[in-house]
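Asks: Build the 3D model from these lines:
(2 chains)
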Amino acid sequence: MQFLSYLISGLGLGSVYAIMALGYSMVYGIAKMLNFAHGDIIMVGAYVAFFAISGAGMPPAVAILLSVLVCTVLGVVIERLAYKPLREASSLAVLITAIGVSHFLENGALILWGADSKFFPSNIFPQGGPTIGSLTISWLTIITIAVCCVIMILLMLFVGRTNTGRAMRACSEDKGAATLMGINVNAIISLTFAIGSGLAAIAAVLLGSTYPSISPTLGAMPGIKAFTAAVLGGIGSIPGAFLGGLLLGVIENLSKAYISQQLSDAIVFGVLVVILLIKPAGLLGRKVSEKV
Amino acid sequence: MAEENRKPILEVQDLGIDFGGLTAVNNLNMKVYPEQIDGLIGPNGAGKTTVFNMLTKVYQPTRGKIFLEGKDLEKLNPVEASQAGIARTFQNIRLFYNMSVIDNVKTGMHNHFHYNNFDAIFRTGRFRREEKRADQDARELLEIFHLSEYADLTAGNLPYGQQRRLEIARAMATQPKLLLLDEPAAGMNPQETEELMAMIREVRDHFKIAILLIEHDMQLVMQICEHITVLNYGMLLAEGTPQEIQSNPDVIKAYIGD
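Replies: Residues are numbered from 1 along each chain as shown, chains lettered A, B, ... in the order given. This next block holds a predicted model:
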């Protein structure tokens, strides 16, 4: 029973990672860049929800919507201002820029909102949860897992079966050919950033509700975990991000419970190293063959 | 054919492009008429693919004008050029290899869908109608290109000859007025080339479009092209009917050397 409880809360944590990893993975798949500012967009999302609820007294649903809106706009604006001018630049330049944007957001939050951590409102999701035998699962965990599954299914349908989704897949494979099909590649990249950042806001609310203390550096560690999840599952792959996120959450929670609280992160990253040794493209990633 | 009485679908005037100090194409004038199969030939490095890249607006010409149905393409970007009605295939095939055959064709139809993302998310009637129509159209196209049985296969798994055909099908899905084929017969055996020629004629007759093709296979060029333009060192060397080109001493010299 104890094990089952750890497993389920691990799945809950993993679902948050998965939602974040989807943002990383989709942006990588289309724009071929690692948006290291993704974790900090989550931080901004958490602050927006915090101020909307605790400051302005908005109802949670409105606050979540506002947070999604702000993050979506922020993601698109960051792409326009920081990444778009570097479309033809080397990937290293884009990577460094992303790290720069990450620091900019973190320090901006530090100036605006101070270094002291704030307490994320606990009234967004119902407290407690159903009890089965001796096992109690919190509503938050159940909702988190459900939200993650719904997002994942909707995204798969969107990318797999709609005109825009096909255009996204086309852009991810060959931007030049996609352009000649009349696809506006810049618009597709903007849309991808919008989706990824909107998801970041949802992840922010779920993360804030799980770990209620929020600070300007809150996005850093989950950001790296989500990135790891994306790589673990196969970066660029939507089901890969989902699988990688869940796996990471479960491994982290179980190693915290059974091995060591301090070593759990090391174990998580150790698993990544092992999996990449066996499957370099990640669990569900496509093997990229070098052209000769 | 009384070409003088017909309006060209494509007209190129004094077209030229420089890369740094190098002039790749200069003073090129050519006309392509509706429902005509035109050949663009010349020795390696003559600037043929560069011309294609200018026509699709991937390269911005340094000099000269391009008119499609009398409309100046100068201000257009590649997306707008595609929407204006120019489609192309590539010398080395560039399909969306991880997508299914039918999705490749539907990608070509990108601008012919009339629903927005809101419709897609809430799966409105319009979304379903449009997707259904696109599916039918795409299957009809595959039928014409003898690819029906491969519709749900991943494009990367198709044999080479079929990949070439799919690339043409995908280009046709954009509903072009002018189709540019860059070495469509490259890497094909004689039988495949024969089939390809029939296919190109069929495409012209069925869709009533003009086709401009780059090709090194002279037999193919002479057999299916009704008009040929010869480039050499980025300049117009000769133009005319296949018979005229074959007996043109300048052309023979350019190909065989002094």
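
Asks: which residues in chain A form helices?
Replies: A:2-31, A:38-50, A:60-78, A:91-113, A:139-161, A:163-173, A:175-180, A:185-210, A:220-233, A:238-258, A:264-278 (DSSP state H).

Asks: what's the angle between the first one and helix A:60-78?
Replies: Spelled out, that is helix A:2-31. Orientation check (axes from the mean of the first three to the mean of the last three Cα atoms, to 10 degrees): helix A:2-31 against helix A:60-78 gives 40 degrees.

Asks: Pretty sure A:Phe158 is one of the things B:Ala120 touches, is it not?
Replies: Yes: using Cβ atoms under 8 Å, B:Ala120 is in contact with A:Phe158, at 6.5 Å. In short, each C-beta sits where N, CA and C put it, glycine included.

Asks: what touches both of these two?
Replies: Counting by Cβ atoms under 8 Å, 6 or more residues apart in numbering or on different chains, the shared contacts of B:Ala120 and A:Phe158 are A:Thr164, A:Gly165.

Asks: Around chain A, pick out the residues from chain B.
Replies: Residues of chain B lying close to chain A (Cβ under 8 Å from any Cβ of the partner chain) are B:56, B:58, B:78-79, B:82-83, B:87-88, B:90, B:94-99, B:103, B:106-111, B:113, B:115, B:117, B:120-121, B:127, B:130-131, B:134, B:170, B:173-174.

Asks: Now intersect the residues you listed with the helices, please.
Replies: B:78-79, B:82-83, B:103, B:106-108, B:117, B:120-121, B:127, B:130-131, B:134, B:170, B:173.

Asks: Show me how to select, in PyMOL, the buried members of those.
Replies: For the buried members of those, the matching PyMOL selection, counting by 16 or more other Cβ atoms under 10 Å in any protein chain shown, is:
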select buried, chain B and resi 78+79+82+83+103+106+107+108+120+127+130+131+134+170+173
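
Asks: want to throw the helices of chain A into TSV with mean neighbour count?
Replies: Listed next are the helices of chain A as TSV, based on neighbours: other Cβ atoms under 10 Å in any protein chain shown:
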stretch	mean neighbour count
helix A:2-31	24
helix A:38-50	28
helix A:60-78	19
helix A:91-113	15
helix A:139-161	17
helix A:163-173	23
helix A:175-180	22
helix A:185-210	24
helix A:220-233	24
helix A:238-258	23
helix A:264-278	14
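
Asks: now these in CSV, with distance to A:Arg286 and mean pLDDT?
Replies: Formatted as CSV, the helices of chain A follow (distance: least, Cβ to Cβ, whole Å; pLDDT from 0 to 100):
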stretch, distance to A:Arg286, mean pLDDT
helix A:2-31, 10, 94
helix A:38-50, 22, 96
helix A:60-78, 25, 97
helix A:91-113, 18, 95
helix A:139-161, 15, 94
helix A:163-173, 10, 95
helix A:175-180, 17, 94
helix A:185-210, 18, 96
helix A:220-233, 12, 92
helix A:238-258, 10, 94
helix A:264-278, 15, 90
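
Asks: Dump these into a markdown table; add distance to chain B as well.
Replies: Putting the helices of chain A into a markdown table (distance: least, Cβ to the nearest Cβ, whole Å) gives the following:
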| stretch | distance to chain B |
| --- | --- |
| helix A:2-31 | 11 |
| helix A:38-50 | 21 |
| helix A:60-78 | 13 |
| helix A:91-113 | 21 |
| helix A:139-161 | 7 |
| helix A:163-173 | 4 |
| helix A:175-180 | 4 |
| helix A:185-210 | 8 |
| helix A:220-233 | 17 |
| helix A:238-258 | 13 |
| helix A:264-278 | 21 |
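
Asks: which one of these lies closest to B:Pro190?
Replies: helix A:175-180 (28.4 Å; Cβ to Cβ).

Asks: what's the neighbour count on the closest residue to chain A within the stretch 151-258 of chain B?
Replies: Taking Cβ to the nearest Cβ as the measure, the point where the stretch 151-258 of chain B comes nearest chain A is B:Thr174, at 5.9 Å. For B:Thr174, the neighbour count with other Cβ atoms under 10 Å in any protein chain shown is 22.

Asks: isn't it right next to B:Gly108, touching?
Replies: Yes: here B:Thr174 reaches B:Gly108: they are 4.9 Å apart, a contact under Cβ under 8 Å.

Asks: OK, contacts around residue 104?
Replies: Assuming you mean chain A. Taking Cβ under 8 Å, 6+ apart, we find A:Phe104 in contact with A:Ala37.

Asks: my bad, chain B
Replies: Applying Cβ under 8 Å, 6+ apart, the residues near B:Asn104 are B:Leu95, B:Phe96, B:Ala155, B:Leu166, B:Ala169, B:Arg170.
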